[in-house]
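Asker: Below is the sequence, then the predicted model.
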Amino acid sequence: MPPAEPALAPADDAQLIAAWQSGDERAAAELVRRHARAVARFLAGAGAPEADLDDLVQETFIRAFRAVASFRSQCQFRTWLLTIGGNALKDLGRRLARRRVVPLDERLESRDGDPHERAVAGETEARLQRGLTRLPRMQREVFLLRAQQGLEYGEIAVALGTTPGAARVHYHHAVKRLKEWLQ
Amino acid sequence: MTYDHDHDNLHDEDLRQAARRVGHAAAERLDLEKTAQAVLARLRAGDSPARSPMHWLAPAWMRAAAVVVLMIGAGILIGRETNGTRSPRTAATIAVAASGELSDFTPGQLQDVMAGLEEPVEITSPVHAGEAGVEDLSEPQLQSLLKAMED
């Protein structure tokens, strides 16, 4: 039996980031394990086609690790990742639009085509997911960061480069429009 | 959970719960270990990007061209030397230029080289810069030059 890879001591995100910057790949892998599901949930909610979800999550972490020197703990590492994920998704939308093969909205609507899965997920969730794709990007991301990820307006503001007051306004606009669509 | 509920009414709770479920199934299907390894593999590939063949060819060609020019220059000077227009010390200098290697020389030879470098070069006929360029030589000239160097 081959010797097991030495386990990484429990550490917070800042310690893992520092370890990665020193060249410890195990730290990077641990950060992926720790945050990948949250990033995937955010991206799926923001409209990422499920077929592209895995690649988008990877892309998010790659961009983050390559730019980690610019992360100054202005917000939580996870929040920073979600922002980067939002940018990666936006870039994917541009690429799909350039190809003009299938409009992004249609791809998004077709990803939950499994009837059983849709039934399990619930009609409200499915309609919410469709509604989210119709929101302006800022409203969609503020809504997801607040309602899905549970972040405070202050942190959302830092992540999205806006003010807490503006983030609050975006959130309430998003909620109002989603409610209209869901009713 | 850092969420603060102060600013949202009760009806928003349904929306928040639905939002928390959005993407949950897809996220659960994500293979964390596979994703982590894929990220590391892509990072490694990005750290040492595949370089185009030209990237490696350019320095190699530059080195080869420099050696050829050096040898041609040395050949021209040696040719003049055989005509009796150069001192023995200068011949040693030429030999160094041709070989490009000083470590094989004895101390005596090195002294000759140093002295040779201090001597003015005697040139019986002017050598134009263009004469030493490889690109100005025709193919037969290049072949004869290489043959002469092999002899």
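Answerer: Noted; the coordinates are in hand.
Asker: Tell me where the model's unsure across chain B.
Answerer: Applying pLDDT under 70 to chain B picks out residues B:1-11, B:47-62, B:81-107, B:109-110, B:112-137, B:149-151.
Asker: Right, and chain A sits closest to which residue of it?
Answerer: residue B:23 (2.8 Å; CB to the nearest CB). No exception for glycine: its C-beta is placed from N, CA and C like everyone else's.
Asker: got a list of what that residue touches?
Answerer: Residue B:23 sits next to A:40-45, A:129, A:148 when contact means CB atoms under 8 Å, 6 or more residues apart in numbering or on different chains.
Asker: Nearest residue to it in space, please, no chain neighbours.
Answerer: Among residues not flanking residue B:23 along the chain, residue A:44 sits closest, at 2.8 Å (CB to CB, 6 or more residues apart in numbering or on different chains).
Asker: again with residue A:134
Answerer: residue A:181 (7.2 Å).
Asker: Tell me who's in contact with the one you found.
Answerer: So residue A:181 contacts A:127, A:130-131, A:134 (CB under 8 Å, 6+ apart).
Asker: Can you name the two of the residues you listed that sit furthest apart?
Answerer: Pairwise distances across those peak at 10.8 Å for A:127 and A:134 (criterion: CB to CB).
Asker: Quick check, the residue in chain A closest to chain B?
Answerer: residue A:44 (2.8 Å).
Asker: Next one: that residue from residue A:172, what distance?
Answerer: 23 Å (CB to CB, to the nearest Å).
Asker: quick one: which of those two has more around it?
Answerer: residue A:44 (29 against 16; other CB atoms under 10 Å in any protein chain shown).
Asker: helices or strands up against the helix or strand hosting the more buried one?
Answerer: Residue A:44 is part of helix A:25-45, with elements assigned from DSSP states H and E. The contact analysis (3 or more CB pairs under 8 Å, 6 or more residues apart in numbering or on different chains; DSSP states H and E) places helix A:25-45 against helix A:13-21, helix A:50-66, helix A:77-99, helix A:123-134, helix B:24-29, helix B:32-47.
Asker: and stretch B:27-34, anywhere near chain A?
Answerer: Yes - Stretch B:27-34 lies within reach of chain A by CB under 8 Å from any CB of the partner chain, at B:27-28, B:30, B:32-33.
Asker: ok, how many other residues are close to the residue lying closest to residue A:128 once chain neighbours are set aside?
Answerer: Among residues not flanking residue A:128 along the chain, residue B:18 sits closest, at 4.7 Å (CB to CB, 6+ apart). Residue B:18 has 23 neighbours, counted by other CB under 10 Å.
Asker: pretty sure residue B:18 contacts residue A:123?
Answerer: No - contact criterion CB atoms under 8 Å: residue B:18 and residue A:123 do not qualify, at 9.9 Å.
Asker: Distance from stretch A:161-178 to the middle of the chain?
Answerer: Here stretch A:161-178 is found 18 Å from its chain centre; the criterion is CA atoms, centre = their mean, to the nearest Å.
Asker: which residues make contact with that stretch from outside it?
Answerer: With contact meaning CB under 8 Å, 6+ apart, stretch A:161-178 is reached by A:128, A:131-132, A:134-135, A:138-140, A:142-143, A:146-147, A:152-154, A:156-157, A:160, B:7-8, B:12, B:15.
Asker: Thank you kindly, that will do.
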